[in-house]
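> can't give you the sequence, but here's the structure:
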């Protein structure tokens, strides 16, 4: 199939008078639209004493505006069958809505109201909600272990801290700190409004100009510095039934084309039910229900990770087999057939996800925020197609060494940790 068949060029990019970017993709064959206000800030931009403030602010947007209380905000969307929500990541904050096409105007109006007119009220009540959220993560070992791993391999850096913050840091945040963070980062030059669905582009752009151009321009702070990667072994003991194994290896920033090689390498190892680690650890040995590899790419750094949850008595056997698979890829490489399988898996997952308006909306926003332009799907497909067997093996040879492995295991005190990384 020609790459030309993947190309979608319906998206329009506009810049409002105050510097805010607008992405509009009309999809006239649908009956809905997804819209989001994206801000290029998250936990990676927090000072140490502010840990969790970007996430706290995201919660407070919904507590009330100058004209609506919390119930009226949600009712305006949910009474029309839509969904209104938000999330905070390490580098982005997003407030988004999904509505039937006939309610697009309402969805945009609510998002603008939240961004411009929030009172940041009910601070104490929402602080308690977030503290419960933090506790719930710590009670969920397969989530909590990823926060522990980040702190282990990126120590003393905002990228290594939990997005939600800690009980101590969130307890200390006050109204003035929240408003100061909002004023520092929520500048139109640092924001993207993205919308995809059955919409009238001209009408949407007119509404967005009226809604958002009144936000004054400003100066955006400098981006955060790159973290240092720390290797080594760490055990964290909890009274739980399983040993949750995580390991990380340093990766490229998301703006580097090497990320496509890292994506392919991670997929070969643990991207699906035909991946090497899944077949070896789960299917052949029956040691784990869940085992996978993953990549995280950020503006100044990246990492490749592996996760598995096993019985404590199987910890060292699982590690030995995992290291064996890493060595095998490093020393023997892979066949063209295995590369083709993984290539089609990555492209298929990406292209099928594009059938969602939410995915298309998010893709446009992230592309503008991260690259300053909308990268065509065909260009991304070409980069996936360009990855070679030699590049995957070269990636394995470069990465999978003892001095580049950060290993962290969360489990009971009965687990026996290895003394060294056997790579």
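Structure's in. What do you need? Note that the coordinates shown come from a computational prediction; the quantities given were computed from them, not determined experimentally.
> in this protein, which segments are predicted with low confidence?
1-9 (pLDDT under 70).
> contacting residues around the residue positioned nearest the centre of it?
Central residue of the chain (Cα atoms, centre = their mean): residue 89, 5.7 Å from the mean position. For residue 89, the contacting residues are 42-43, 163, by Cβ atoms under 8 Å, 6 or more residues apart in numbering. Just so you know, the C-beta spots here come from the backbone N, C-alpha and C atoms, and that holds for glycine as well.
> Can you give me the distance of it to residue 166?
Computed as Cβ to Cβ, to the nearest Å, the residue 89 to residue 166 distance reads 18 Å.
> And stretch 161-170, end to end?
Distance across stretch 161-170, first residue to last, is 13 Å (Cα to Cα, to the nearest Å).
> now swap in stretch 392-409 and tell me
Using Cα to Cα, the two ends of stretch 392-409 sit 27 Å apart.
> go on, stretch 78-89?
25 Å.
> Stretch 397-408 now?
In stretch 397-408, first residue to last residue: 22 Å (Cα to Cα).
> Show me the contact partners of it.
145, 148-149, 152-153, 229-236, 245-251, 265, 304, 319, 326-327, 329-330, 418, 420-423.
> Helix, strand or coil: sort out residue 193 for me.
strand (DSSP: H, G, I helix; E, B strand; the rest coil).
> Contacts only, for it.
20-23, 35-38, 111, 208, 212.
> In those residues, find the pair that's most separated.
Greatest spatial distance in those: 21 and 111, 14.9 Å, computed using Cβ to Cβ.
> Surely residue 361 is in a helix?
Yes. Looking at residue 361 with three-state DSSP, it is inside a helix.
> related to what we said a few turns ago, between residue 21 and residue 111, who's got more neighbours?
residue 111 (25 against 22; other Cβ atoms under 10 Å).
> In the stretch 151-300 of the chain, what residue spans correspond to strands?
191-197, 232-237, 243-251, 288-297 (DSSP state E, counting those that start in this stretch).
> Point out the most buried one among those.
Stretch with highest mean neighbour count among these: strand 191-197 (a mean of 27; mean count of other Cβ atoms under 10 Å).
> what lines up beside it in the sheet?
Sheet pairing of strand 191-197 (DSSP bridges) gives strand 21-26 (parallel), strand 32-39 (antiparallel).
> Kindly reformat the ones you listed as TSV containing distance to residue 363.
Shown next, in TSV, are these (distance: least, Cβ to Cβ, whole Å):
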stretch	distance to residue 363
strand 21-26	9
strand 32-39	11
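> Figure out which of those strands is closest to residue 360.
The nearest among the strands paired with strand 191-197, by Cβ to Cβ, is strand 21-26 at 5.8 Å.
> what's in contact with the closest one?
Outside strand 21-26, the residues touching it (Cβ under 8 Å, 6+ apart) are 8, 10-16, 191-201, 204-205, 208, 360-361, 364-365, 368, 374.
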